[in-house]
Structures are given as C-alpha cells and as structure tokens.
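Engineer: Here you go, sequence then predicted model.
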Amino acid sequence: MSHVIKIFPADIAFEGDSEKTLLDSALDSGIPLEHSCKNGSCGICEAGLIAGEVIDAAGQVITAGNNILTCSCRPQSDISLQATYYPELAGQVKKITPCKVASAEKVSADVIKLLLRFPPTAQINYLPGQYINLQYQGVTRSYSIANANEKEGIELHIRNVPDGQMSQLIFGGLAANTLMRIEGPCGTFFIRKNERPVIFIAGGTGFAPVKAMVESLIAENTQRKIYIYWGMQHSAHFYSSLPQQWADANPDIHFIPVVSGEESNWQGRKGFVHNAVVEDFENLADFDVYACGSPVMIEASRKDLMTLGLLAKHFYADAFTVSK
C-alpha cells in the first residue's frame with residue numbers, strides 16, 4: 001500500500017510503500033535524506049515523526065511525537081517527518097557501472113589501496129565523501145571513495161576483515177584488469193560549502209572519505225582552517241603520509257595522529273581520537289566536524305563535542321559497520 005510522506009522543513013513529499021523502509025522509498029523517489037549504514041546501527045538517519053504511524057524492524061508500531069530511524073521503519077499511514085534533506089544530492093543518479101582493477105597495492109599489514117578504472121563513457125558524478133557498493137563474485141560491500149577527482153578512476157581503502165568474504169577475495173590476490181562492478185554514488189557525507197573551520201575525525205580506514213574531502217578543499221584553494229585527527233591502534237597502521245605532507249605545505253592544515261594502543265616508542269598523542277579534539281579546543285560553536293569510523297566512535301564524538309558548544313547541525317558523520 002502506498003502512503004504520502006511529507007518532509008519538513010524542506011516541504012517536499014513522495015510516495016512511500018508500506019513494504020519498504022522510509023529511507024528506501026525516499027531514495028527511490030530521488031529524495032536524498034540523511035543516512036549512512038542503512039542497517040540501524042549508526043543512528044544518523046534519525047528523524048522526528050510529526051504525524052502518522054510507522055512500524056519498526058521489530059514490528060513495533062511507533063506513533064507521532066517520537067524519533068525514528070528512517071532506514072528501519074515502514075509507513076502504516078500518511079506521515080510527516082522532521083528530517084534532513086540535501087538538495088545538493090537531488091540530481092545524482094545511483095547506477096551500476098562496470099569497472100576494472102587498475103592496481104591493488106597493499107599499503108599496510110591490513111589495508112589495500114584499490115584503484116578502479118572505468119569505460120571512457122562512464123560518469124559517476126559523486127561528491128567527495130560519498131561511498132559506493134563494490135560488487136565482485138556475488139559479494140557486495142560498501143566502501144568510501146578516497147579520491148576527489150573521478151577522472152583518475154576511483155580509489156578505495158579496503159581493510160582486511162577477519163573471515164570477511166570480500167576481504168578474502170581481495171587479499172587473496174587480485175590481478176590487474178579484473179572485472180568488477182560498482183553501484184553509486186551513495187550517502188550524504190560531503191563537504192558543506194561555507195567558511196567555517198573544519199575538524200575531521202577519522203578512525204582506521206575512515207581516513208578514505210576524509211582524504212577525498214581534503215583533496216577537494218585544497219583544489220578549491222580554500223581559506224578554511226582544517227584539522228585532521230586520525231586514530232589508529234598502533235603507529236605502524238597509519239598507511240598514508242599525505243596528511244603530514246598537506247600540513248607541511250599549508251599553514252592552515254593541521255594533522256594530529258593519535259594512537260590508542262600501548263606503544264612505548266610512540267611520542268605523539270595517545271588515547272581515543274575524539275578525546276584529542278576535546279583536549280585541543282575549548283569551544284566548537286564556530287566549527288564544522290566530520291567524523292568517519294565506527295558507530296561507537298561517532299556516537300562518542302557527537303556526545304563529547306557537543307559539550308564544547310558544537311551544534312548538532314554542524315556534526316556530520318559516516319559510520320563504518322563491519323560485514324563478514
């Protein structure tokens with residue numbers, strides 16, 4: 001059964017199928033609502049139910065006046081939602097595109113940098129920070145795009161997940177010209193155009209979308225101050241020297257690597273990566289923060305940074321959830 005879904009404050013509407021989640025119906029209608037993991041883990045798609053009823057993944061009916069996850073709830077009536085809509089993404093078309101492996105370089109003990117090339121006629125048209133769904137031998141996994149310029153192909157940073165199906169395929173040996181497919185672009189993680197200083201918080205391969213977004217800001221000759229906090233368990237796990245190169249070349253870019261594991265020889269910052277931000281700033285009211293990593297890291301960042309005056313509307317996140 002079809003229901004009318006109204007989104008406020010954007011004042012737009014679309015048809016929602018009672019057998020589909022609100023998020024899927026919105027995306028199928030070309031309405032890009034805020035989201036990330038799409039499986040209920042990260043909470044980024046949370047919206048306020050103004051009117052109507054929905055049913056959640058557990059089969060519970062939720063009525064007006066409550067917050068819901070659009071990725072997990074299906075409409076049971078016409079409804080109205082207080083939700084974030086991004087007109088910047090409205091013209092994007094998510095599609096499946098064939099590609100071939102240009103290179104697969106092991107950049108650390110558990111990370112491969114995969115570069116994909118596309119047919120000359122292919123147009124991906126993504127915004128730096130978004131992700132794609134990689135399809136190979138019947139397995140599909142989501143990975144953030146790690147480069148800003150699609151003319152160079154698409155760069156992915158793929159971590160070796162123990163017993164992961166895609167990890168076994170890629171880390172088991174991947175020859176050049178291997179045929180794959182991608183679906184995308186996906187997600188609502190991208191740089192908002194303004195002059196506010198930016199803090200990036202990356203955990204592990206959460207550096208991938210940060211790399212793409214910083215590249216885009218550098219290409220635009222931005223005057224915004226940029227702070228890059230990158231957390232790893234051990235210093236040997238940092239797989240790119242680019243953040244330090246950016247900082248060395250630009251006085252407005254600052255790089256702060258943070259190690260969370262026990263490491264006696266590490267002389268840099270230690271602890272959880274978002275705690276380094278808390279230690280360095282007294283007031284974040286004038287900042288934009290972009291966090292990418294585990295749902296636990298993102299939720300901790302959101303909670304602790306808002307105590308320093310960061311506004312919720314200026315906190316943007318992309319949650320990495322592990323799939324076997």
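Structural biologist: Here it is on my side, so go on.

Engineer: From here on, just use CA atoms for contacts and neighbour counts.
Structural biologist: OK.

Engineer: Wait, residue 10 touches residue 87, no?
Structural biologist: No - using C-alpha atoms under 8 Å, residue 10 is not in contact with residue 87; the gap is 9.2 Å.

Engineer: any idea how far residue 40 is from residue 228?
Structural biologist: Separation of residue 40 from residue 228 (C-alpha to C-alpha, to the nearest Å): 28 Å.

Engineer: Now do the helices in the stretch 1-150 of the chain.
Structural biologist: Counting by DSSP state H, counting those that start in this stretch, the segments of the stretch 1-150 of the chain that form helices are 22-28.

Engineer: Pull the residues that contact stretch 66-78.
Structural biologist: The contact list for stretch 66-78 (C-alpha atoms under 8 Å, 6 or more residues apart in numbering) reads 3-5, 16-24, 35, 38-40, 43, 45-57, 62.

Engineer: contacting residues for the residue lying closest to residue 174 once chain neighbours are set aside?
Structural biologist: Excluding its sequence neighbours, the residue lying closest to residue 174 (C-alpha to C-alpha, 6 or more residues apart in numbering) is residue 104, at 6.8 Å. By C-alpha under 8 Å, 6+ apart, the residues touching residue 104 are 112, 113, 114, 115, 174, 175, 176.

Engineer: Check residue 324 and give its pLDDT.
Structural biologist: Looking at residue 324, its pLDDT reads 62.

Engineer: And the closest residue to residue 215 other than its chain neighbours, how close does it get to residue 125?
Structural biologist: Leaving out its chain neighbours, the residue that sits closest to residue 215 by C-alpha to C-alpha, 6+ apart is residue 148, at 5.9 Å. Going from residue 148 to residue 125 by C-alpha to C-alpha gives 10 Å.

Engineer: In its sheet, which strands sit next to the strand ranked longest in the chain, and in what direction?
Structural biologist: Criterion DSSP state E: the longest strand present in the chain is strand 95-108. The pairing partners recorded for strand 95-108 under DSSP bridges are strand 111-117 (antiparallel), strand 179-186 (antiparallel).

Engineer: can you tell me the average pLDDT over the longest one?
Structural biologist: The average pLDDT within strand 179-186 is 94.

Engineer: just the first one next, same as before
Structural biologist: The pLDDT scores in strand 111-117 average 97.

Engineer: Equivalent analysis for stretch 307-315, please.
Structural biologist: 95.

Engineer: Restricting to C-alpha, output stretch 136-144 in CSV.
Structural biologist: Taking Å, rounded to 0.1, in the frame of the first residue of the first chain, the C-alpha atoms of stretch 136-144 are listed here in CSV:
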residue,chain,number,x,y,z
TYR,A,136,32.5,-8.9,-7.0
GLN,A,137,31.8,-12.6,-7.4
GLY,A,138,28.4,-12.3,-5.8
VAL,A,139,29.6,-10.3,-2.8
THR,A,140,28.6,-6.7,-2.2
ARG,A,141,30.3,-4.4,0.3
SER,A,142,30.2,-0.6,0.8
TYR,A,143,33.5,1.5,0.7
SER,A,144,34.1,5.2,0.8
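
Engineer: one step back: just to be sure, which of the contacts of stretch 66-78 are found in strands?
Structural biologist: 3-5, 16-17, 46-51, 53-55, 62.

Engineer: could you measure the spatially closest residue to residue 87 that is not a sequence neighbour against residue 85, distance?
Structural biologist: Take residue 87 and drop its neighbours on the chain: the residue closest to it by C-alpha to C-alpha, 6+ apart is residue 32, 7.4 Å away. Separation of residue 32 from residue 85 (C-alpha to C-alpha): 6 Å.

Engineer: out of the two, which sits in the busier spot?
Structural biologist: Counted by other C-alpha atoms under 10 Å, residue 32 and residue 85 do not tie: residue 32 has more neighbours, with 23 against 20.
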